[in-house]
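Chemist: Here is a sequence with its predicted model. Questions after.
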Amino acid sequence: MLDYFAIFTKGGALLWTLQFTTALKHNPIDALNALIRTCLLEGRSSDSIFTYAPKAGAAQSLKWTFHNGLGLVFVAVYQKTLSLLYVDELLQRVKDAFTEQYTAGSYSYSHFNDSFARILRDCEVKADAARRAAALPKAAATAVPPVKPGVTAHIKGRTNGVTAKGQLNSSSEDSSDADDTIAAVSAANGVGSGGSSSGEGSASASDDDSAAANGANGVGEKGFDMTKLKAVSRKAMGGPPGRRTHAAARREVEKSSKDKDSKPSPQKTKKDRVWTGFGRKDEDVGRIDYTEGAPGGQTEAAAIDSLGASRMEEEEADYDDEYEIDEEELRAVHGKVSANGVPAKKGLLSSFMGQLALRVVGSNALTAEDIAPALEDMKRKLMERNVAEEIAGQVVDSVAQSLEGQKLSSFTGVGQFVRQAFEEALSGILNKRQVDVLHDIKRARARGKPYVVVFCGVNGVGKSTNLAKIAYWLGQQGCKVQLAACDTFRAGAVEQLKTHAVRLGVPLYERGYEKDPAKVAAEAIRVAQRDGRDVVLVDTAGRMQDNEPLMRALSNLIAVNQPDLVLFVGEALVGNDAVDQLVKFNRSLADLAPGAAMAGNAKRRIIDGIVLTKFDTIDDKVGAALSMVYASGAPVMFVGCGQTYVDLKRLNVKSVVKSLLK
């Protein structure tokens with residue numbers, strides 16, 4: 001049965017509610033607020049169902065529908081373990097009944113209780129009858145006794161029996177099909193009809209035809225002679241047939257190897273490369289060696305100071321372009337193409353009237369047919385910008401639900417109206433609540449504990465490099481940073497992080513390879529707290545989302561150390577795989593952690609933020625940002641846009657939205 005039903009406006013005014021149970025351990029309004037924050041404000045209206053997991057009590061499922069013309073939202077809440085088949089019909093019928101009684105500005109609808117009770121009773125009776133009707137064919141099917149092998153049964157005028165060979169024939173039609181198949185295979189393989197049994201005499205004509213065809217090609221009844229092929233191959237190799245060819249070849253190889261061993265090879269010593277040319281003399285060119293302690297090497301502090309301030313503090317100008325209606329959009333909206341797919345030619349008057357009809361406000365509410373061409377065009381644009389196909393479809397469906405029933409404003413075209421709706425939806429998805437890292441670091445410092453950040457992601461996305469960029473930015477903000485080398489799996493990972501630590505002038509805690517990453521991180525946090533460090537940046541090994549042992553190790557590291565922030569590092573180049581990566585990382589962190597089954601939903605850790613790398617290599621294909629945020633619900637906190645430590649920025653949401661829709 002239902003737990004709760006609510007009707008409220010898109011502005012947040014609660015019009016009518018009805019609660020069916022008093023056994024809930026939480027306030028029903030909390031579930032509605034979670035729905036608004038997670039789905040409605042972020043443009044996830046295409047989701048068919050939303051699951052609310054309270055801190056205490058069983059999880060609940062929420063289904064909803066809109067009335068866009070009046071700005072109303074109808075929500076049904078019930079236990080997740082129940083399977084209520086009538087909820088969709090109930091929402092539609094309640095919406096139709098309530099809109100007839102709705103009056104703008106009125107907030108008292110107690111008289112709607114009787115209408116709702118009648119609709120709910122009808123839906124429950126209809127669902128129960130449908131369930132019983134669906135169970136009847138199953139019962140009738142189980143009453144028919146099965147046919148045992150070897151027993152002749154007559155079904156629908158066809159005889160099932162056993163042949164003389166002991167093979168079960170299902171029907172005469174199946175037997176003829178099988179004979180035709182055998183004949184076709186025999187013809188293709190060059191096998192004649194001489195070996196066919198007496199029971200297969202019906203296929204003799206086709207066998208004769210195939211034998212004649214094979215005879216024309218030089219193939220006999222017994223198939224191709226493989227001995228001829230072997231003889232030809234030996235002759236083509238230029239050697240005599242038989243085993244003498246292999247013995248002679250072996251003797252030649254042994255003789256050549258002895259000759260090579262008898263001649264001593266000269267000793268070669270590696271010489272230093274001397275770089276000449278480029279307008280310089282040989283004596284002016286020094287050693288190109290920048291290792292520690294090498295002569296002529298520059299100090300790391302001077303190299304770091306010369307980079308300047310991090311680009312995290314830059315205020316970027318918003319990308320802006322005026323919306324223009326081109327010929328492609330006009331064709332998409334009006335659908336005016338010729339029979340062969342070429343756009344039909346239009347005269348001056350018809351073109352002017354088409355523009356006028358596009359921009360003048362319509363008298364009726366928008367329907368699904370009115371906005372379908374514009375939605376298809378927007379979906380194509382999103383996928384061209386590297387948005388995952390699944391995410392693009394969900395965003396388009398969400399916008400379609402929000403547009404149906406609305407009326408165009410004055411002098412606004414359908415295409416422009418749809419574009420504005422997409423801008424609002426995409427901005428709502430990308431403008432998630434950001435984590436104020438600097439503020440949280442100050443709060444952790446006041447408690448006397450370091451602020452712990454764990455970096456995770458798949459292989460080769462740039463975790464260590466962007467960890468160093470964030471360490472450089474935090475150092476410029478006056479934070480004392482310590483690095484923790486918890487990638488004990490990949491060869492060279494500790495040395496790579498050690499190089500970054502030396503260049504940045506920050507301490508590094510490492511214990512080499514083949515150690516437990518969770519223990520290394522715990523020791524690093526204790527050392528940082530003892531030394532008075534503000535931030536601990538934990539580097540982890542790259543792992544594919546399907547590698548369960550490595551994912552279990554990562555979830556164990558996070559569960560043991562309870563970091564303040566878990567960042568997923570992903571490439572801006574990835575497309576559809578972004579959804580799979582984030583969904584499986586979140587699932588593994590929640591399910592594979594020790595004691596996850598007993599911990600409950602409130603204590604499970606998932607991805608808190610996203611670091612988007614290689615953003616300078618994608619031009620306008622910025623769709624990975626949308627895919628990652630939509631799939632995980634986590635914000636993009638940092639954007640890597642270059643090779644140096646200063647190349648770290650915040651995500652410019654307006655620029656990304658304009659790039660997606662231009």
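Modeler: That came through, no problem.
Chemist: After the helix or strand encompassing Ile525, which helix or strand is next?
Modeler: Here Ile525, judged by DSSP states H and E, is contained in helix 517-531. Once the chain leaves helix 517-531, the next helix or strand it forms, by DSSP H and E, is strand 535-539.
Chemist: Helix or strand next in line after that following strand, which one?
Modeler: By DSSP H and E, the next helix or strand past strand 535-539 is helix 548-561.
Chemist: Mind giving me the packing neighbours of that following helix?
Modeler: strand 451-457, helix 517-531, helix 577-591 (3 or more C-beta pairs under 8 Å, 6 or more residues apart in numbering; DSSP states H and E). Heads up, the C-betas are built off the backbone N, CA and C, glycines and all.
Chemist: mind listing the helices in the stretch 301-450 of the chain by residue range?
Modeler: Using DSSP state H, counting those that start in this stretch, the helices found in the stretch 301-450 of the chain span residues 327-334, 348-359, 368-384, 389-403, 414-430, 437-446.
Chemist: Reformat those helices as a markdown table; add mean neighbour count and distance to Thr81.
Modeler: Output for these, formatted as a markdown table (neighbours: other C-beta atoms under 10 Å; distance: least, C-beta to C-beta, whole Å):
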| stretch | mean neighbour count | distance to Thr81 |
| --- | --- | --- |
| helix 327-334 | 17 | 45 |
| helix 348-359 | 13 | 50 |
| helix 368-384 | 17 | 34 |
| helix 389-403 | 20 | 26 |
| helix 414-430 | 20 | 30 |
| helix 437-446 | 15 | 37 |
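Chemist: Leu2 is nearest to which of the ones you listed?
Modeler: Within those, the stretch nearest Leu2 is helix 389-403; the backing value is 22.4 Å (C-beta to C-beta).
Chemist: Touching that closest one from outside, list them.
Modeler: 43-47, 66, 68, 366, 368, 371, 375, 378-379, 382-383, 387, 417-418, 421-422, 425-426, 429, 576, 579, 623, 626-627, 630-631 (C-beta atoms under 8 Å, 6 or more residues apart in numbering).
Chemist: Is it possible to get a markdown table of the helices of the stretch 301-450 of the chain that adds mean pLDDT and distance to Leu497?
Modeler: Formatted as a markdown table, those follow (pLDDT from 0 to 100; distance: least, C-beta to C-beta, whole Å):
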| stretch | mean pLDDT | distance to Leu497 |
| --- | --- | --- |
| helix 327-334 | 44 | 50 |
| helix 348-359 | 44 | 58 |
| helix 368-384 | 90 | 37 |
| helix 389-403 | 89 | 34 |
| helix 414-430 | 88 | 31 |
| helix 437-446 | 94 | 20 |
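Chemist: In JSON lines, list those helices along with distance to Asp534.
Modeler: Listed next are the helices of the stretch 301-450 of the chain as JSON lines, based on distance: least, C-beta to C-beta, whole Å:
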{"stretch": "helix 327-334", "distance to Asp534": "53"}
{"stretch": "helix 348-359", "distance to Asp534": "57"}
{"stretch": "helix 368-384", "distance to Asp534": "41"}
{"stretch": "helix 389-403", "distance to Asp534": "37"}
{"stretch": "helix 414-430", "distance to Asp534": "29"}
{"stretch": "helix 437-446", "distance to Asp534": "6"}
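Chemist: follow-up on the earlier one: show me what the helix holding Ile525 is packed up against.
Modeler: By 3+ C-beta pairs under 8 Å, 6+ apart, helix 517-531 packs against strand 451-457, strand 481-485, strand 508-509, strand 535-539, helix 548-561.
Chemist: Touching it from outside, list them.
Modeler: 448-450, 452, 454, 482, 484-488, 507, 509-511, 536, 538, 540-541, 553-554, 556-557, 560-561.
Chemist: Quick one, which of those residues are buried?
Modeler: 450, 452, 454, 482, 484-488, 507, 509-511, 536, 538, 540-541, 553-554, 556-557, 560-561 (16 or more other C-beta atoms under 10 Å).
Chemist: Quick one: the strands in the stretch 51-200 of the chain, in order.
Modeler: 60-67, 72-79, 153-155, 158-162, 168-169 (DSSP state E, counting those that start in this stretch).
Chemist: Check the model's average confidence along stretch 582-597 for me.
Modeler: Average pLDDT, stretch 582-597: 82.
Chemist: Let's see that stretch as PDB, backbone CA atoms only.
Modeler: The C-alpha trace of stretch 582-597 is given here as PDB (Å, rounded to 0.1, in the frame of the first residue of the first chain):
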ATOM      1  CA  LEU A 582      31.700   6.300 -12.000                       C
ATOM      2  CA  VAL A 583      28.700   4.000 -11.400                       C
ATOM      3  CA  LYS A 584      30.900   1.000 -10.800                       C
ATOM      4  CA  PHE A 585      33.400   3.000  -8.600                       C
ATOM      5  CA  ASN A 586      30.500   4.200  -6.400                       C
ATOM      6  CA  ARG A 587      29.000   0.700  -6.300                       C
ATOM      7  CA  SER A 588      32.300  -0.900  -5.300                       C
ATOM      8  CA  LEU A 589      33.100   1.700  -2.600                       C
ATOM      9  CA  ALA A 590      29.600   1.200  -1.100                       C
ATOM     10  CA  ASP A 591      29.400  -2.600  -1.400                       C
ATOM     11  CA  LEU A 592      32.900  -3.900  -1.100                       C
ATOM     12  CA  ALA A 593      34.000  -2.000   2.000                       C
ATOM     13  CA  PRO A 594      34.400  -4.100   5.200                       C
ATOM     14  CA  GLY A 595      31.200  -4.300   7.100                       C
ATOM     15  CA  ALA A 596      29.200  -2.500   4.400                       C
ATOM     16  CA  ALA A 597      26.200  -4.800   4.800                       C
END
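Chemist: No further queries at this time; thank you.
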